[in-house]
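1. No sequence on hand, only this structure:
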């Protein structure tokens with residue numbers, strides 16, 4: 001418990017000079033200090049009309065500390081009541097600072113109460129103090145769905161984000177294989193997060209803030225997800241980190257009907273990555289989407305560097321003359 005040091009004049013009682021300075025101040029001082037004495041049943045130890053004794057000074061110094069402790073004790077259910085209000089408002093995540101502002105608890109008192117409620121109020125491992133509320137229907141999973149609180153989580157961190165890659169494709173209706181984590185792009189390095197059975201994998205992208213996004217459709221809470229064209233680009237860009245070009249093709253195929261050539265051209269120009277654009281153009285042509293491939297072809301320079309379709313594999317295979325892409329993946333060999 002942290003008690004602020006103060007001078008005697010800050011308390012609503014005229015004190016004898018022998019008792020100054022006072023080291024304590026109540027968290028919420030009573031308007032009338034004598035009213036506090038009556039409420040707590042302590043009574044007036046002695047009047048100050050006579051000569052002040054050491055006992056008088058000790059009593060006056062000790063009483064604000066008792067008031068502080070009693071004020072904290074009266075709010076032992078503050079965290080439970082706050083979490084209940086959050087759930088009633090449809091929110092399952094909150095920052096520690098929000099809790100402190102709403103309840104008036106000190107940080108040590110709040111953390112102590114949070115620890116006692118740790119079975120259903122869980123801290124998200126991160127640099128910032130953020131917690132999620134685990135309602136009874138989510139106890140088996142150990143946490144509510146990531147999409148329900150990810151927006152509040154990054155708002156607290158003050159960083160841009162969006163749900164991306166295969167997670168975004170699944171939100172757009174393309175889910176050939178269920179993935180066991182939520183993939184999120186942001187602009188600063190972050191370690192993977194796991195709460196219960198919920199896992200988040202983060203991908204670094206300096207231009208995350210400018211990537212075209214949209215609200216997650218039919219979502220319980222606000223959540224940003226990459227737009228179809230941006231999802232297509234990211235899938236190729238991060239192919240080596242999400243299972244290779246074969247997994248990318250499997251994910252791309254069902255969602256390409258939602259990608260518009262103008263949107264794709266805007267994304268390619270914004271990202272300004274020639275090698276990734278070459279790979280995506282090559283893949284789109286092979287998948288039978290010439291209009292999308294042409295949108296990329298018009299942006300690329302006439303003289304194009306030789307680029308491997310799968311950078312992590314041996315550079316062996318046929319070279320596509322239009323895209324200058326070395327097909328070393330065996331995905332389109334047939």
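-> Great, that's in hand. Keep in mind it's a predicted model, so treat the numbers as computed, not measured. Numbering: from 1, shown residues only.

2. okay, residue 216: pLDDT?
-> For residue 216, the pLDDT comes out at 85.

3. residues in contact with it?
-> Taking CB atoms under 8 Å, 6 or more residues apart in numbering as the criterion, residue 216 is in contact with 147, 163, 171, 222, 223, 224, 225. C-beta: built from backbone N, CA, C; applies to glycine.

4. how about those residues, which pair is most distant?
-> 171 and 222 (13.5 Å; CB to CB).

5. quick one: which of those two has more around it?
-> residue 171 (21 against 13; other CB atoms under 10 Å).

6. hang on, that one packs against residue 163?
-> Yes: contact criterion CB atoms under 8 Å: residue 171 and residue 163 qualify, at 6.6 Å.

7. list residues touching both of the two?
-> 216, 225.

8. Count residues in the vicinity of residue 181, would you?
-> Neighbours of residue 181 using other CB under 10 Å come to 15.

9. Same check on residue 77?
-> Neighbours of residue 77 using other CB under 10 Å come to 11.

10. Also residue 221?
-> Using other CB under 10 Å as the criterion, the residues surrounding residue 221 number 17.

11. can you pull the pLDDT of it?
-> So residue 221 comes in at 90 (pLDDT).

12. any weak-confidence spans in the stretch 201-334 of the chain?
-> Within the stretch 201-334 of the chain, the ranges that satisfy pLDDT under 70 run 333-334.

13. need the strands for it, in chain order.
-> Secondary structure of the stretch 201-334 of the chain (DSSP state E, counting those that start in this stretch): strands at 213-215, 224-226, 307-308, 318-320, 325-327.

14. Contacts for the second one, please.
-> Contacts of strand 224-226 from elsewhere in the structure, counted by CB under 8 Å, 6+ apart, are 151, 161-165, 167-168, 171-172, 185, 211-216, 234.

15. Generate a PyMOL selection restricted to the buried entries among these.
-> Buried subset of the contacts of strand 224-226, written as a PyMOL selection, criterion 16 or more other CB atoms under 10 Å:
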select buried, resi 151+161+162+163+164+165+167+168+171+172+185+211+212+213+216+234
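
16. Next step: the contacts of strand 224-226 restricted to helices.
-> Using DSSP state H, 151, 165, 167, 168, 171, 234 are the members of the contacts of strand 224-226 that sit in helices.

17. For the residues you listed, point out the one with the lowest pLDDT.
-> The member of those with the lowest pLDDT is residue 171, at 89.

18. Name whatever forms a beta bridge with the closest residue in space to it that isn't next to it in sequence.
-> Leaving aside its chain neighbours, residue 171 sits nearest to residue 225 (5.0 Å; criterion: CB to CB, 6 or more residues apart in numbering). Note on residue 225: beta-bridge partners by DSSP bridges are residue 163, residue 214.

19. okay, now residue 225: neighbour count?
-> For residue 225, the neighbour count with other CB under 10 Å is 24.

20. what do you get for residue 297?
-> Using other CB under 10 Å, residue 297 has 17 neighbouring residues.

21. Need the three-state assignment for the residue nearest in space to the middle of the chain.
-> By CA atoms, centre = their mean, the chain has its centre lying nearest to residue 153, at 2.3 Å. The three-state label given to residue 153 by DSSP: H, G, I helix; E, B strand; the rest coil is helix.
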